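Asks: Generate a structure from the sequence data that follows.
(2 chains)
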There are 2 protein chains.
Amino acid sequence: MPNAIDGGLAHGGRLQQAARAYGIAVSEWLDLSTGIAPWPFALPEIPLSAWARLPEADDGLQAAACAYYSVEQLLPVAGSQAAIQMLPRLRPRSRVGVLSPCYAEHAHAWRQAGHEVVEIAELQVAAQLDSLDVLVVVNPNNPTGRLCSREQLLSWHAKLAQHGGWLLVDEAFIDITPEHSLAAESDRAGLIVLRSFGKFFGLAGARLGCVLAAEPLLQTLAQQLGPWTINGPTRVIAAHCFAEQTAQVQQRQRALQASQRLAALLSEHGLKPTGGCGLFQWWQGERAAAVHAFFARRGILLRLFTEHSSLRFGLPADDAQFQRLAQALKELVNE
Amino acid sequence: MPNAIDGGLAHGGRLQQAARAYGIAVSEWLDLSTGIAPWPFALPEIPLSAWARLPEADDGLQAAACAYYSVEQLLPVAGSQAAIQMLPRLRPRSRVGVLSPCYAEHAHAWRQAGHEVVEIAELQVAAQLDSLDVLVVVNPNNPTGRLCSREQLLSWHAKLAQHGGWLLVDEAFIDITPEHSLAAESDRAGLIVLRSFGKFFGLAGARLGCVLAAEPLLQTLAQQLGPWTINGPTRVIAAHCFAEQTAQVQQRQRALQASQRLAALLSEHGLKPTGGCGLFQWWQGERAAAVHAFFARRGILLRLFTEHSSLRFGLPADDAQFQRLAQALKELVNE
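Replies: From the prediction side, this is the model:
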């Protein structure tokens, strides 16, 4: 059988790989390796025509997304990853600061497109800003959970925009706390906000994200990505979910509660989170690789970051999953 | 309401646009404006996890696709359009011949990426080949239906490959007559074959295509496109459809019969096809724009190519659709 060719970097959610590595069937795993809400929104009925026909750009998805994000314009893309891949191609060779550590695909994509990438800490930004053309900030950050204030980000943007620079803010995990979003300011030239559909709505297989930015940039991006980038049924589902305000409120509450409960549980068992947000907790410690393997042998998949010896814990979906995690934590303590 | 931002070039299948332009509700149209088989394959049950989780590259789609195309390696992409957009970025500035007229996105994508594009007729290829780095051939061609022989294509490829050139063959419409495909030769360096899932399987909303080429190029392409490009449920559906051999035989027969019946019907009414293939018929004539409008006023959408004054007719799905088309053709004759 041929090997599957895939993208390159390591990520959470690779259950097939874990199943082979640990000899545990896919169905037996508790997968906490991603930051995706474990409560998928209820799916509307999907008309067969959404599968059969070419998707049309004027089908209502864009309007529903604009209403959800409270913006006048945006571009839906096939996952915010599609924008991460393409945005670096829209600039001449630039000096790009990436607030690190963060989601590794950003630095990777800018490097791959030939830019000079410097990974910098938050405290270094002020000193570096004048020498940067682009600053990339994941907010809240993945995996540290660190949140930059809107004021801080807007002040960085103002400086960058003065000389044609960009502030790229990846808000993949912000839907739980939308009051921190820069969506409302995303029509400013040089400010680009990425939003992810799959994480908050619990539908990561749909492959949808939205780019919020000034219209000329959205037009350029649309032309580079070409027509029909988004799956037809995904367009139907997303237009529906974006309008489900009651379910959105419930999802926010449920995620916040689960995230707090997860933080408390980890703390009780000697893994007090170093950081976190509404969709995951993050723990840094020397034992990270060993703890990862300990859980994996028990069929619980966490996300290990070897480069900064840390673990990300996604949210358990219900009491049963919390109990399974608690049991493994107890065994870890007693080991 | 904000305007939807979309890709740029005109295409078939824009029913929302037609509905507004002609004041006829979307549900009232007979859409013959695309070359998509009007019999979508039966969908398997889609597990909720396909929507909820990130897609995994090693889920069996690739193996099923390899078996269907009888190749050892390929890269599934989110519609062959995704490959059309990306392939031009993998070469330094090149001289690119596009066998024309054909599907307009090819020349557009190569131009957009900064290459020199020359649109050439089949008879000019021999004389031009030495000066080309890349030759793009849609086979069978869209919209003319013209088919190049495998021998001809392989001889062009051999010449191009001698100096590191590429032959890019877009086989979007070849599944009805797979004996003409170059799939079996696609492991040759410099030969790239694009296949479309949506047209033959009648599931264009799924957004899936496959790139068949030597593995180093597939690896490069995969890295440029990044992870999770394909919708999760699409992966489930396609893996299923690729294995449905009986339904595939039936689809081929049904399409061939409908295509022949369509050609006969058009001929009987003064629109003898100039060309065609198993998924559409093509008619060129001075009256093309007028005939297009005549049908549109009757709620029948055809694909008009103003630049070479021609019309493409997709396949009617059943007797009722054939009768509706026949009635409009009668009215056209009597006008």
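Asks: any idea which residue sits dead centre in chain A?
Replies: In chain A, the residue lying closest to the centroid (C-alpha atoms, centre = their mean) is A:Ala172, at 3.7 Å.
Asks: need the contact list for that one.
Replies: A:35, A:80, A:103, A:138, A:142, A:194-196, A:199, A:209 (C-beta atoms under 8 Å, 6 or more residues apart in numbering or on different chains). Glycine gets a C-beta too; all of them are placed from N, C-alpha and C.
Asks: mind running it again at 6 Å?
Replies: A:196, A:199 (C-beta atoms under 6 Å, 6 or more residues apart in numbering or on different chains).
Asks: the longest helix in chain A is where?
Replies: helix A:245-268 (DSSP state H).
Asks: Output that one as CSV - backbone C-alpha positions only.
Replies: Output of helix A:245-268 as CSV, limited to C-alpha atoms (Å, rounded to 0.1, in the frame of the first residue of the first chain):
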residue,chain,number,x,y,z
GLN,A,245,-26.6,32.3,18.9
THR,A,246,-28.1,30.3,21.7
ALA,A,247,-25.9,27.3,21.0
GLN,A,248,-22.9,29.7,20.8
VAL,A,249,-23.5,31.0,24.3
GLN,A,250,-23.9,27.5,25.6
GLN,A,251,-20.6,26.4,23.9
ARG,A,252,-18.7,29.3,25.4
GLN,A,253,-20.0,28.5,29.0
ARG,A,254,-19.4,24.8,28.5
ALA,A,255,-15.8,25.3,27.3
LEU,A,256,-15.0,27.8,30.0
GLN,A,257,-16.3,25.4,32.7
ALA,A,258,-14.5,22.4,31.3
SER,A,259,-11.2,24.3,30.9
GLN,A,260,-11.4,25.5,34.6
ARG,A,261,-12.2,22.0,35.7
LEU,A,262,-9.3,20.6,33.7
ALA,A,263,-6.9,23.2,35.2
ALA,A,264,-8.1,22.2,38.7
LEU,A,265,-7.7,18.5,38.0
LEU,A,266,-4.2,18.9,36.6
SER,A,267,-3.2,21.1,39.6
GLU,A,268,-4.5,18.5,42.1
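Asks: What is that helix packed up against?
Replies: Secondary-structure packing of helix A:245-268 (3 or more C-beta pairs under 6 Å, 6 or more residues apart in numbering or on different chains; DSSP states H and E): strand A:280-284.
Asks: and the strand it packs on, what does it pack onto?
Replies: Judged by 3+ C-beta pairs under 6 Å, 6+ apart, strand A:280-284 is in contact with helix A:245-268, strand A:310-314.
Asks: Would you tell me what the next helix or strand after it is?
Replies: helix A:288-297 (DSSP states H and E).
Asks: Just after that next one, pick out the following helix or strand.
Replies: Next along from helix A:288-297, by DSSP H and E: strand A:300-301.
Asks: got the angle between the helix or strand hosting A:Ala64 and helix A:245-268?
Replies: According to DSSP H and E, A:Ala64 maps onto helix A:61-69. Here helix A:61-69 points in a direction 60 degrees away from that of helix A:245-268 (axes from the mean of the first three to the mean of the last three C-alpha atoms, to 10 degrees).
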